[in-house]
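Undergrad: Give me the fold of what follows.
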Amino acid sequence: MAGHQLIDDYLAELARRLPADDVDELADGLEEAFRRHQRRGLSAAGAAAAATSEFGNPDLIVREFIRQAPGRRAALALLASGPLFAGLWGSSLISAQAWTWPIPLGAAVAFGATLLAVVATLVAAALSRSYQRTKLTGPACALLAALDGAMIAAIAMTAPALSWPMALAIPASIVRIGLAVRTVPRILAR
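TA: A predicted model of the protein is given here:
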């Protein structure tokens with residue numbers, strides 16, 4: 001880097017709260033701004049102050065990175081689509097009288113508890129003020145895909161007949177599984 005303590009401290013603050021790749025990208029821009037201000041005749045201290053001022057308060061930068069984090073955006077999308085999936089699967093289970101199926105109570109309770117944990121994790125990731133916590137969406141997304149797969153398997157093995165709500169719920173869940181498989185690596189890589 002430019003070697004000025006003000007810039008080093010500024011980047012250290014960002015490095016504590018953002019992924020290294022993002023901080024490296026910001027460092028490149030900060031270095032460029034620092035050099036530009038020096039070419040305009042500012043001292044090293046003046047150029048460092050002008051460059052960091054130009055970039056803005058680290059808290060605002062971190063907030064914007066969190067707002068745009070892949071994990072946060074995926075969590076918001078999953079939470080927004082949740083009621084649609086609940087309606088599709090709820091009407092599927094009601095129309096097929098799922099309460100008469102031979103599914104062990106423990107399996108049903110474990111499914112419900114896992115679903116609640118996934119929703120709580122997605123809410124925490126969506127509302128987080130920490131970039132790292134937005135990554136919780138990755139495991140939650142993977143669990144949600146597993147729950148979708150379990151629901152499809154349960155329908156295939158125990159439903160007496162395919163109903164029209166199932167004909168909508170199954171492809172919707174297959175699409176969500178595919179999106180999860182594509183999204184999880186992107187979330188965890190950052």
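
Undergrad: Roughly how far does the residue nearest the centre of the chain sit from Glu32?
TA: Residue closest to the average C-alpha location in the chain (C-alpha atoms, centre = their mean): Gly71, at 1.5 Å. Distance, Gly71 to Glu32, by C-beta to C-beta, to the nearest Å: 29 Å. From N, CA and C alone the C-beta is placed, and that goes for glycine too.

Undergrad: Also Ala49?
TA: 16 Å.

Undergrad: Between these two, point out the one with more neighbours.
TA: The neighbour count for Ala49 versus Glu32, taken as other C-beta atoms under 10 Å, is higher for Ala49 (17 against 12).

Undergrad: right, and Ile170 touches Ile155 too?
TA: Yes: with contact defined as C-beta atoms under 8 Å, Ile170 counts as touching Ile155 (6.8 Å).

Undergrad: For whichever strand or helix holds Tyr10, buried residues please.
TA: Element membership for Tyr10 (DSSP states H and E) is helix 5-15. Under the neighbour-count criterion of 16 or more other C-beta atoms under 10 Å, helix 5-15 has Leu6, Ile7, Tyr10, Leu11, Glu13, Leu14 buried.

Undergrad: any low-confidence regions in the chain?
TA: 1-3 (pLDDT under 70).

Undergrad: switch the cut-off to 50
TA: Low-confidence segments of the chain (pLDDT under 50): 1-2.

Undergrad: So the residue located most distally from the centre of it: helix, strand or coil?
TA: Distance from the C-alpha centroid of the chain peaks at Gly41, with 44.0 Å (C-alpha atoms, centre = their mean). Here Gly41 is recorded as coil under DSSP: H, G, I helix; E, B strand; the rest coil.
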